[in-house]
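# I would like to see how this sequence folds:
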Amino acid sequence: MNNFARIDSALKQTPLIAILRGIKPDEVVSVGEVLVDAGITVLEVPLNSPNAFDSIYKLRRHLPASVLVGGGTVLQQSEVEKLNACGAEFIVSPNTKPSVIENALQQNMVPIPGFYTPTEALLAIDCGATYLKLFPANSHHDNFISGLKSVLPSHCKLLAVGGMNAQNSQRFMQLGFHGLGIGTSLYCSGMALPDIHQRAKAFVALCKTF
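Numbering: from 1, shown residues only. The predicted structure is shown next:
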């Protein structure tokens, strides 16, 4: 199964990506383990976290092969190369940069570019992206999202990232999103493992209501 099929399967089962911004290599494996135990199997480490590549390498080395590990805030082609060497299966960007999308595809990694406008979304699709990240999602109204979806190809899969929490998650899933990127509502640097586990379980349980 290639990485595209794997991320499709994982997000169909639990439509959540855990965004571990600020995580450190000495805590990343234990945090990853409690998230996987709670049922979240797609984990993203933003590259503006301390020693992010080390954390991604550790996650990929220590967690089960069924878990997908990726890098976030990917802005340059050189970062795609480093992530591929770490074993990452996907990349997430806050913007739409054709060279980053195309390089990820060449490495058989799933690119998830960020977009804010229909122009950016359609550019990302032209470059080969299937998954698109609406960012920041919480600044868009329902009418914008409905209009956007009416012009996107049917194979395009939208993820909502930016301000996601237990209160607005259901709204975005009901609007037709295929998944949610959960950041500070799930993990903050220094948070105790039981708290992370409890929050993760609550989000997973919430998914069953979508």
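
# show me where this structure has helices.
3-13, 25-38, 52-62, 77-86, 98-106, 118-126, 142-151, 169-174, 193-207 (DSSP state H).

# the ones you listed into CSV, with extra columns for mean pLDDT, mean neighbour count and distance to residue 183?
(Each C-beta comes from the backbone N, C-alpha and C, glycine too.) Converted to CSV, the helices of the chain look like this (pLDDT from 0 to 100; neighbours: other C-beta atoms under 10 Å; distance: least, C-beta to C-beta, whole Å):
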stretch, mean pLDDT, mean neighbour count, distance to residue 183
helix 3-13, 96, 16, 17
helix 25-38, 98, 19, 13
helix 52-62, 98, 21, 15
helix 77-86, 97, 18, 19
helix 98-106, 97, 19, 21
helix 118-126, 97, 17, 21
helix 142-151, 90, 12, 20
helix 169-174, 91, 17, 12
helix 193-207, 96, 16, 11
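
# JSON lines please, covering these and showing distance to residue 69.
Shown next, in JSON lines, are the helices of the chain (distance: least, C-beta to C-beta, whole Å):
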{"stretch": "helix 3-13", "distance to residue 69": "11"}
{"stretch": "helix 25-38", "distance to residue 69": "8"}
{"stretch": "helix 52-62", "distance to residue 69": "5"}
{"stretch": "helix 77-86", "distance to residue 69": "8"}
{"stretch": "helix 98-106", "distance to residue 69": "14"}
{"stretch": "helix 118-126", "distance to residue 69": "22"}
{"stretch": "helix 142-151", "distance to residue 69": "29"}
{"stretch": "helix 169-174", "distance to residue 69": "22"}
{"stretch": "helix 193-207", "distance to residue 69": "16"}
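
# out of these, flag the one nearest residue 45.
helix 52-62 (4.9 Å; C-beta to C-beta).

# now for that closest one, which elements pack on it?
With contacts taken as 3 or more C-beta pairs under 8 Å, 6 or more residues apart in numbering; DSSP states H and E, helix 52-62 sits against helix 25-38, strand 42-46, strand 68-72, helix 77-86.

# which one, of those, ends up nearest to residue 176?
Using C-beta to C-beta, the nearest of the helices and strands packed on helix 52-62 to residue 176 is strand 42-46, at 19.0 Å.

# quick revisit: which one, of the helices of the chain, ends up nearest to residue 44?
Checked against C-beta to C-beta, the stretch from those lying closest is helix 52-62, at 9.1 Å.
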